[in-house]
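Novice: I'd like to go over a predicted model; first the sequence, then the structure.
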Amino acid sequence: MTQSAFAREERLRFVDFQFTTSPNGRCRAEVTLGFGADARWMGSAEGLASDAGEMRCSAEATLHAIEASAGGAISFELLGVKAVRAFDTIVLIVSVVSRESGQTHRLVGSFLADQEHTRGAALAILNATNRVMGNIFAREPS
């Protein structure tokens with residue numbers, strides 16, 4: 001990636017989100033992330049179709065897409081995702097551990113999501129990880 005391309009696009013972007021539930025009590029999330037004009041990565045996850053399970057499924061799918069974008073340079077573990085009522089709205093909060101080059105960091109992200117909790121959980125993950133991922137993309141050779 002050229003320096004000028006990096007200057008225009010320094011973060012992973014949320015491109016697409018698909019979420020389905022099935023009659024057997026399961027759910028599936030598919031998240032597509034982009035960087036620049038052409039780079040796209042998809043992540044998917046399955047889980048239980050409950051409020052907490054659906055948010056966790058969306059968050060995990062997003063982490064899988066982020067890990068794919070890093071090409072093995074970093075890994076993530078979802079510690080938790082929670083919806084809390086604050087200031088007359090729902091705030092989704094995620095807690096993530098990142099592991100890179102033997103170092104472990106705890107990351108937290110949030111997103112205001114009154115109605116779309118599944119999509120909001122995916123966006124909270126991006127908010128938690130974008131600074132770390134921006135550093136990884138900045139180190140890529142031009």
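Specialist: Ah, there it is.
Novice: by contact count, what packs against the longest helix along the chain?
Specialist: The longest helix of the chain (DSSP state H) is helix 117-139. Other elements packing on helix 117-139 under the criterion 3 or more Cβ pairs under 8 Å, 6 or more residues apart in numbering; DSSP states H and E are strand 13-21, strand 26-35, helix 51-70, strand 75-86, strand 89-100, strand 103-112. Yep, even glycine has a C-beta here, placed from its N, CA and C like the rest.
Novice: got the contact list for the shortest one?
Specialist: The list of residues contacting strand 13-21 from outside it, by Cβ atoms under 8 Å, 6 or more residues apart in numbering, reads 27-35, 40, 49, 54, 57-58, 118-119, 122-123, 126.
Novice: go on, the last one?
Specialist: Counting contacts by Cβ under 8 Å, 6+ apart, the residues outside strand 103-112 that touch it are 79, 89-98, 120-121, 123-129, 132.
Novice: what angle separates it from strand 89-100?
Specialist: 160 degrees (axes from the mean of the first three to the mean of the last three Cα atoms, to 10 degrees).
Novice: so for strand 103-112, mean pLDDT?
Specialist: For strand 103-112, mean pLDDT rounds to 94.
Novice: partner strands of that strand, with direction?
Specialist: In the sheet, strand 103-112 lines up against strand 89-100 (antiparallel) (DSSP bridges).
Novice: what of the shortest one?
Specialist: Each strand pairing with strand 13-21, determined using DSSP bridges, is listed with its direction: strand 26-35 (antiparallel).
Novice: just want the angle from the strand it pairs with to helix 51-70.
Specialist: 30 degrees.
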